[in-house]
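Colleague: need a 3D model of the following:
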Amino acid sequence: MLTCAIYARVSSREQLEGYSIDTQLELLRKYAKEHKYSIYDEYVERGKSGTSLNRPELIRLVKDADNKAFDMVLSLRIDRLFRNNLDRRKLEEKLKKKSITVVYIHEPDDPKTASGKLSRGIKGEFAEYFSNWLSENVARGKRKRAELGLCSSNPPYGYRLNKGKYEVVESEAEVVRRIFDLYRTMGIRPIVDELKGIKSPSGNEQWGQTTIRRLVSNPAYVGDSYYRRWKFERVYVDDWMKKTRITEQEPELIVSNTHEAIIDRKTFEETQKIMETRRFNGVRKPLSEFWLLGIAYCAHCNDRMIANRRRRPEGLIEKAYRCRNKACEGNYINMGKLHESVIGELDKRLKNVDFKEEIKRYKPPRKIIAKHGRVKKEIEKNLQSQDKLFKLHYKKAITIEQFRKQNNNLLDELKGLNKLLEEVQQGEPPRVSSEEVMQRLRNLRTLIEKAEHKRDLFSQIFDKVFVHRSPQRFKKNIMRKIVVKYIK
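Modeller: Residues are numbered from 1 along each chain as shown. Alright, predicted model coming up:
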């Protein structure tokens, strides 16, 4: 007896329109009974969109399929499982590898035949078309409401929705004014600490930094309505699971003075200017300058140390490592000081190594030498074949079509061999004299400064670097010592 999994879904909109999960389940159970299938489990999604793969029951179904818990998946129609045709093909291919078939009982197409595949593809495209059409209509309606000064989205913190208009909630508005006032003199992280005891817009005990950043940049607080729509693209991971990322944004629409303001325009504009100065010129600085990320640890709580940048009152940006554990009173160490200390430790260790003896014992791996020779021989053979081919063409012993075809094949082969030779040569350590090694190591700092990928270099030398702070609590930026563990 074959085992089946039953999948049923309705979106939030379909729930409002009276679509029933119970009806789907009843029909699917009846189908399984008529065909004498045993039901392994029922996967039911309520209020979930078919355009998203981030559905708990669908994810659970795929995990069970990976364990080969059933032989087939039963669903009412294609649009119950998916509203995107590429998603459908990705999942069906993934399940096919596990010898699991997908059956849509109201659309009984045989996926093993050419006509069945075509029929499923057409129905999948129609399901996707309907979803896109509906999304465009909803977006058009929201934009029109924004143009009329009506609000169609969830109200921001500090407001409630009343007859299509934002109405001020005074208790929350006081918190909004306080956040704008604090932002003038302090960064977002200290504001999070100041708001302890006040529930966030999502009801959490602690406010998120992103929540505060969005709040102080929201034009709704000066009495303006706005409409903004983002476009996304899919990125597939693990054969079918997708992530979405923003690719572009439709032109923003702002309608002024549609509701009561909580913040005056002058304060809001000053806040935007302050925010702009704190963006580090609008460019997110790369973390490559923090060479010890991933290997630097706080010696007091054994947690990782992370990169930290902060703007000092005089305008300079201070770079440091700090302990990731907020509960730890621990380390806040200047980046340059820690780098110098680690280079000093490495310098001491290298002075105790006899490089002349190490180089004498070095021999290139035999496998690399043998492979290098084989690839070179293959390249020589290829070039000889090309010479023969040109002679045949010159004597008109082969047609122009035969010449072109064979020549293209030889050129493709030569390209692949040259790439392979390059990989083999990269895998072979460079041969240098002991005098050259000693000359380079005499100035270790210059050698490190010239290295392109310093972070990678350090991670190949060190396993962990433990940072001990000064025993005086008020001297957090003073380092007592470091303990390094090298990779064996």
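
Colleague: Lys196: what secondary structure?
Modeller: Judged by DSSP: H, G, I helix; E, B strand; the rest coil, the three-state class of Lys196 is coil.

Colleague: what of Met305?
Modeller: On the basis of three-state DSSP, Met305 is classed as strand.

Colleague: residue contacts, it?
Modeller: Neighbouring residues of Met305 by C-beta atoms under 8 Å, 6 or more residues apart in numbering: Leu292, Leu293, Ala296, Tyr297, Cys298, Tyr321, Arg322, Cys323, Arg324, Asn331, Ile333, Val467. Every residue, glycine included, has its C-beta placed from N, CA and C.

Colleague: please pick the buried ones from those.
Modeller: Buried members of the contacts of Met305, scored by 16 or more other C-beta atoms under 10 Å, are Leu292, Leu293, Ala296, Tyr297, Cys298, Tyr321, Arg322, Cys323, Asn331, Ile333, Val467.

Colleague: just the closest of those residues to Arg89, please.
Modeller: Leu293 (39.8 Å; C-beta to C-beta).

Colleague: what distance do you get for the closest one to Gly336?
Modeller: According to C-beta to C-beta, to the nearest Å, Leu293 and Gly336 sit 15 Å apart.

Colleague: now flag whichever of the contacts of Met305 is closest to Lys381.
Modeller: Of those, the one sitting nearest to Lys381 (C-beta to C-beta) turns out to be Leu293, at 48.0 Å.

Colleague: pretty sure that closest one sits against Ala307.
Modeller: Yes: counting by C-beta atoms under 8 Å, Leu293 touches Ala307, with 6.1 Å between them.

Colleague: give the rounded mean pLDDT of the helix or strand where Tyr297 lies.
Modeller: Using DSSP states H and E, Tyr297 maps to strand 296-298. Here strand 296-298 scores 86 as its mean pLDDT.

Colleague: neighbouring contacts of that strand?
Modeller: 303-305, 321, 323-325, 328, 330-331, 338, 464-467.

Colleague: so where do the helices sit in the stretch 151-300 of the chain?
Modeller: 170-183, 188-194, 209-216, 265-277 (DSSP state H, counting those that start in this stretch).

Colleague: so where's the stretch 301-450 of the chain uncertain?
Modeller: 311-315, 326-327, 329-331, 352-372, 394, 424-450 (pLDDT under 70).

Colleague: what about 50?
Modeller: 362 (pLDDT under 50).

Colleague: how about stretch 55-65: buried residues?
Modeller: Applying 16+ other C-beta under 10 Å to stretch 55-65 flags Arg55, Glu57, Leu58, Leu61, Val62, Asp64, Ala65 as buried.

Colleague: which of those residues fall within helices?
Modeller: Counting by DSSP state H, the buried residues of stretch 55-65 place Glu57, Leu58, Leu61, Val62, Asp64, Ala65 in helices.

Colleague: closest to Ser49 among those?
Modeller: Nearest to Ser49 among those, with distances taken as C-beta to C-beta, is Leu58, at 11.3 Å.

Colleague: ok, now which ones touch Glu167?
Modeller: Per C-beta under 8 Å, 6+ apart, neighbours of Glu167: Tyr159, Arg160, Leu161, His259, Glu260.

Colleague: now the buried members of the residues you listed.
Modeller: Tyr159, His259.

Colleague: and the contacts of Glu167, which is closest to Arg140?
Modeller: Arg140 has its nearest neighbour among the contacts of Glu167 in Leu161, at 20.6 Å by C-beta to C-beta.

Colleague: that closest one contacts Pro155, doesn't it?
Modeller: Yes: counting by C-beta under 8 Å, Leu161 does reach Pro155; the two are 5.0 Å apart.

Colleague: pick the one among the buried ones among the contacts of Met305 closest to Ile400.
Modeller: Distances from Ile400 to the buried ones among the contacts of Met305, taken by C-beta to C-beta, are shortest for Leu293, at 59.3 Å.

Colleague: phi, psi of the closest one?
Modeller: phi -60, psi 130 (degrees, to the nearest 10).

Colleague: so it versus Met335, what's the distance?
Modeller: With distances taken as C-beta to C-beta, Leu293 is found 10 Å from Met335.

Colleague: could you do Asn409 as well?
Modeller: The gap separating Asn409 from Met335 is 55 Å, by C-beta to C-beta.

Colleague: which one of these two has more residues nearby?
Modeller: Met335 (18 against 12; other C-beta atoms under 10 Å).

Colleague: mind listing what the more buried one touches?
Modeller: Met335 is in contact with Glu289, Phe290, Ala307, Lys319, Ala320, Tyr321, counting by C-beta under 8 Å, 6+ apart.

Colleague: from these, which would you call buried?
Modeller: Among the contacts of Met335, those classed as buried by 16+ other C-beta under 10 Å are Phe290, Ala307, Ala320, Tyr321.

Colleague: nearest to Thr399 among those residues?
Modeller: So of the buried ones among the contacts of Met335, ranked by how close each gets to Thr399 (C-beta to C-beta), first place is Phe290, at 63.0 Å.

Colleague: tell me the pLDDT at that closest one?
Modeller: Looking at Phe290, its pLDDT reads 83.

Colleague: quick revisit: dump the contacts of Met305 into TSV; add distance to Leu91 as well.
Modeller: As requested, the contacts of Met305 are arranged in TSV below (distance: C-beta to C-beta, whole Å):
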residue	distance to Leu91
Leu292	43
Leu293	37
Ala296	42
Tyr297	42
Cys298	44
Tyr321	44
Arg322	44
Cys323	43
Arg324	38
Asn331	47
Ile333	49
Val467	48
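
Colleague: and which of these is nearest Ile188?
Modeller: Arg322 (15.5 Å).

Colleague: phi, psi for Tyr104 please.
Modeller: Dihedral pair for Tyr104: phi -100, psi 110, per degrees, to the nearest 10.

Colleague: that one bridge partners, please.
Modeller: Ser75 (DSSP bridges).

Colleague: got the contact list for it?
Modeller: Ser75, Leu76, Arg77, Ile78, Arg80, Leu81, Arg120.

Colleague: can you say which of the residues you listed are buried?
Modeller: Buried, going by 16+ other C-beta under 10 Å: Ser75, Leu76, Ile78, Arg80, Leu81, Arg120, out of these.

Colleague: surely the first one meets Cys4?
Modeller: No: under the contact definition of C-beta under 8 Å, Ser75 does not touch Cys4, with a separation of 10.3 Å.

Colleague: list residues touching both of the two?
Modeller: Val103.

Colleague: outline the domain layout of the chain.
Modeller: Domain assignment of the chain by automatic domain parsing yields the ranges 3-133, 159-223+258-277, 281-362+429-488, 372-425.

Colleague: only the buried residues of the longest helix along the chain, if you could.
Modeller: What stands out as the longest helix in the chain, according to DSSP H, is helix 114-147. Neighbour-count burial for helix 114-147 flags Ser119, Arg120, Lys123, Gly124, Ala127, Glu128, Ser131, Lys142, Arg143, Arg145, Ala146 (criterion: 16+ other C-beta under 10 Å).

Colleague: is the residue lying closest to the first one once chain neighbours are set aside in a helix, a strand, or coil?
Modeller: This points to Ser119. Once flanking residues are discounted, Ser119 sits nearest to Asp109: 4.4 Å by C-beta to C-beta, 6 or more residues apart in numbering. Here Asp109 is recorded as coil under three-state DSSP.
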